[in-house]
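Trainee: okay, here's the prediction I keep looking at, along with the sequence it came from:
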Amino acid sequence: MSDHSFDGLSEKFAQNIYATSKGKIRTAVVWRDLEQGLAQLGDRPLRILDAGGGFGFFAQKLAALGHDVTLCDLSADMLALAKEQIAEKKLTDRIRLVHCSIQDLPVHVHGSFDLVLCHAVVEWLAEPKQTLAGLLNYLKPGGLFSLLFYNRDALLFQSLVVGNFDYIRAGLVKKRQQKLTPTNPQAPADVYKWLEEWGMPLLCRSGVRVIHDYMRHKEDQHKKFSDLLEMELRYCQQEPFVHLGRYMHLLASKP
């Protein structure tokens with residue numbers, strides 16, 4: 001297994017991930033957590049690293065607040081889309097684009113950061129724990145780590161609910177891999193253990209899409225979206241719902 005690049009899929013990725021009901025929920029939940037983290041870091045310009053950030057959806061939002069962001073990605077197509085959007089928003093002076101993998105960051109990026117983002121990357125990595133451990137070297141003491149990952153437990157639960165038992169017996173591995181379906185989802189318990197090993201206490205954790213994917217009538221994902229979003233934000237940090245999220249978002253601090 002090798003790390004995944006989204007070359008040739010940038011426009012489809014942007015449309016599927018952020019321009020849909022599930023994407024809007026993801027944005028709302030993660031951004032609320034990030035606002036909590038930004039408040040803890042104080043009212044000052046921050047140095048931020050967005051590792052594997054694609055076209056920089058959150059990088060652009062953070063830069064618009066006055067922060068300096070370094071955005072790296074393995075996909076040249078993603079960075080081309082990022083460059084176009086950044087120019088349109090007049091954020092060129094605030095965002096530095098780096099074309100490289102996370103593992104190759106030391107060749108291109110130096111110094112330390114107040115906030116490191118790694119969103120929806122872990123599930124595409126061949127060696128997720130090792131890669132994240134290296135990434136944390138960029139985090140300042142007192143800095144925050146924002147980690148969003150595809151939740152293996154939620155994938156298993158949804159597969160059980162819909163009766164996809166052959167898929168479960170196959171170890172949640174599909175015979176034909178879809179291009180936008182993550183290949184290496186992680187169990188939250190494993191990720192918690194990693195953070196504990198690294199001495200990274202959690203500031204907050206949220207489930208992303210704790211309701212959306214389980215709705216019996218899929219048309220309600222759109223027809224009742226405002227109510228759905230309200231309920232997602234209400235229950236995403238509560239047990240037992242937090243661990244039903246298709247994605248998990250963790251915000252951890254470096255002592």
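Mentor: Okay, I see it. Numbering: from 1, shown residues only.

Trainee: so Arg205 makes contact with Val242?
Mentor: Yes. At 6.3 Å, Arg205 counts as touching Val242 under the criterion of Cβ atoms under 8 Å. C-beta here means a position set from N, CA and C on the backbone, and glycine is covered the same way.

Trainee: give me the common contacts of the two.
Mentor: Residues touching both Arg205 and Val242 by Cβ atoms under 8 Å, 6 or more residues apart in numbering: Met248.

Trainee: low-scoring stretches of the stretch 51-200 of the chain, by residue?
Mentor: For the stretch 51-200 of the chain, applying pLDDT under 70 flags the ranges 176-180.

Trainee: all helices for it, in order.
Mentor: Secondary structure of the stretch 51-200 of the chain (DSSP state H, counting those that start in this stretch): helices at 57-64, 76-88, 105-108, 128-135, 152-161, 165-169, 188-197.

Trainee: of those helices, which stretch is the most buried?
Mentor: Sort the helices of the stretch 51-200 of the chain by mean neighbour count, taking mean count of other Cβ atoms under 10 Å, and helix 57-64 sits at the top with a mean of 21.

Trainee: which residues sit against that helix?
Mentor: 18, 27, 30-31, 34, 46, 48, 50, 53, 69, 71, 82, 85-86, 89, 91, 94-95, 115, 117, 119.

Trainee: cool, and stretch 120-140?
Mentor: Stretch 120-140 is contacted by residues 1-4, 17, 49, 51-52, 102-103, 105, 109, 111-114, 116, 118, 145, 147-150, 182-186, 191, 194, 198, 200, 247, 254 when judged by Cβ under 8 Å, 6+ apart.

Trainee: of those, which belong to strands?
Mentor: Among those, DSSP state E puts Leu49, Ala51, Phe113, Asp114, Val116, Cys118, Phe145, Leu147, Leu148, Phe149, Tyr150, Tyr247 in strands.
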